[in-house]
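# Fold the following for me, if possible:
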Amino acid sequence: MTKQQDFLDIDKTDTQDIHAILALAHKLKKAPLAHRPMEGKTLALIFEKPSTRTRVSFEVGMRQLGGHVTTLSGAEIQLGRGETVADTGRVLSRFVDILMIRTFAEHKLFELAEGASVPVINGLTDQSHPCQVMADIMTAQEKLGDLKGKKVVWLGDGDNNVLASWMHAAPIFDFTLHVICPPEFVPPVKLLVLMQKRGAKITVSADIAHAEDADIVITDCWVSMHNSDAAVRHQLLAPYQVDAALMKRAAPHALFMHCLPAHRGEEVTDDVIDGSQSVVWDEAENRLHAQKAILCWCMGMTDLI
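The predicted model follows:
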């Protein structure tokens, strides 16, 4: 057994460990019920944001590993209101063995990790979504093999938490990432510069011609829970819809990805998301396998499988 550790973001995790987690995820998928290293362990899930895939995949995954799960909503525990987030981490650490939080501002994630004496997993913040992108990378590896040199294209909102995690992954897996978005919704400059300094090959453009010969095409919903400018966003993002014409610009073997839930007819058309190039349901399933591997890694249990 190795040291227990947090999984807060892809860029905050050693490259070697990222590859090890994914290798374990592929192994666990082949025999999903064969390993139960979490016997006697309990995972607490904290949700300030609604969830389908995150909740179900973590609950099922922990139980497949032999452990137990308790699920808490932000309203139930008054996270950060009265008791500090760090104190909540200290208290919960006396009851459970590992924590996952799905929240809004990432400072709550970091405060929880600071106070907790057990591993903490980032289930999503407004700034990043590392568990989703670990599942995305796993899916891409299954379909395309090594991602080195592949062309990944993002269309839509450039200031997006899933895209941020793809940017974190770019220097680790050595693919090129082309962000195609309106000038009003470009990625945060600080994040872009930081990732480029780390060797990421990332370009930003408003021209959909950059989707030419893409190996992977990705989008996400245009309006998130924290956005209040829905009408403006729809107007500015409409030219970046992923439709059949856009997919024809990509390579014939190109994959279409979306973290879900999708707003059909907005960021993606039915014929694309239901088409032969779509791997969105594989991505959703792989949340289970990738997160099981993350749980094992956080608990220092990768050598037990």
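# Give me the residue ranges of the stretch 1-150 of the chain where confidence is low.
1-2, 80 (pLDDT under 70).
# ok, now which ones touch the residue lying closest to residue 215 once chain neighbours are set aside?
Leaving aside its chain neighbours, residue 215 sits nearest to residue 150 (4.3 Å; criterion: Cβ to Cβ, 6 or more residues apart in numbering). To be clear about C-beta, it is placed using only N, CA and C from the backbone, and glycine gets the same treatment. Counting by Cβ atoms under 8 Å, 6 or more residues apart in numbering, residue 150 touches 140, 144, 175-176, 215-216.
# which stretches of the protein form helices?
With helices called from DSSP state H, the chain shows them at 15-30, 53-64, 74-77, 85-93, 106-115, 130-144, 161-173, 189-197, 230-237, 244-249, 270-273, 280-298.
# Relative to residue 209, which of these is closest?
Nearest to residue 209 among the helices of the chain is helix 244-249; the distance by Cβ to Cβ comes to 7.4 Å.
# Got a PyMOL select line for the buried ones in the contacts of residue 150?
The buried residues among the contacts of residue 150 can be selected in PyMOL (16 or more other Cβ atoms under 10 Å) with this line:
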select buried, resi 140+175+176+215+216
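# Distance to residue 127 for the contacts of residue 150 - can I get that in a markdown table?
Converted to a markdown table, these look like this (distance: Cβ to Cβ, whole Å):
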| residue | distance to residue 127 |
| --- | --- |
| 140 | 22 |
| 144 | 27 |
| 175 | 21 |
| 176 | 23 |
| 215 | 26 |
| 216 | 22 |
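# related to what we said a few turns ago, where's the residue nearest to residue 215 relative to residue 181, distance?
20 Å (Cβ to Cβ, to the nearest Å).
# what's the answer for residue 291, then?
Going from residue 291 to residue 181 by Cβ to Cβ gives 28 Å.
# the more surrounded of the two?
Neighbour count, other Cβ atoms under 10 Å: between residue 291 and residue 181, residue 291 has more, with 28 against 22.
# isn't that one right up against residue 59?
No - using Cβ atoms under 8 Å, residue 291 is not in contact with residue 59, being 10.2 Å away.
# Residue 138: neighbour count?
23.
# Relative to residue 93, how far out is it?
Taking Cβ to Cβ, one finds residue 138 at 29 Å from residue 93.
# Equivalent analysis for residue 190, please.
32 Å.
# who has more neighbours, the two?
With neighbours defined as other Cβ under 10 Å, residue 190 and residue 93 compare such that residue 93 has more, 19 against 8.
# quick one: contacts for that one?
Listed by Cβ under 8 Å, 6+ apart, the contact set of residue 93 reads 99, 115-118.
# can I get those residues in a markdown table with distance to residue 169 and neighbour count?
Output for these, formatted as a markdown table (distance: Cβ to Cβ, whole Å; neighbours: other Cβ atoms under 10 Å):
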| residue | distance to residue 169 | neighbour count |
| --- | --- | --- |
| 99 | 23 | 25 |
| 115 | 28 | 18 |
| 116 | 25 | 23 |
| 117 | 29 | 10 |
| 118 | 26 | 22 |
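# Just name the closest of these to residue 39, please.
Closest approach to residue 39 among the contacts of residue 93 (Cβ to Cβ): residue 118, at 16.6 Å.
# how many other residues sit next to residue 205?
Counted with other Cβ under 10 Å, residue 205 comes out at 14.
# Can you name the residues bridging to the nearest residue in space to it that is not next to it in sequence?
Leaving aside its chain neighbours, residue 205 sits nearest to residue 180 (5.8 Å; criterion: Cβ to Cβ, 6+ apart). Note on residue 180: beta-bridge partners residue 155, residue 205, judged by DSSP bridges.
# isn't residue 180 right up against residue 203?
No - counting by Cβ under 8 Å, residue 180 does not reach residue 203; the two are 9.1 Å apart.
# Can you check the pLDDT for residue 228?
Listed pLDDT for residue 228 reads 63.
# ok, now which ones touch the most far-flung residue of the chain relative to its centre?
Residue farthest from the centre of the chain, counting by Cα atoms, centre = their mean, is residue 82 at 30.1 Å. By Cβ under 8 Å, 6+ apart, the contact set of residue 82 is empty.
# quick one: it from residue 125, how far?
On the measure of Cβ to Cβ, residue 82 and residue 125 end up 21 Å apart.
# most centrally placed residue in the chain?
For the chain, the residue sitting closest to the mean C-alpha position, by Cα atoms, centre = their mean, is residue 132 at 2.3 Å.
# gap between it and residue 5?
Taken as Cβ to Cβ, the span from residue 132 to residue 5 is 20 Å.
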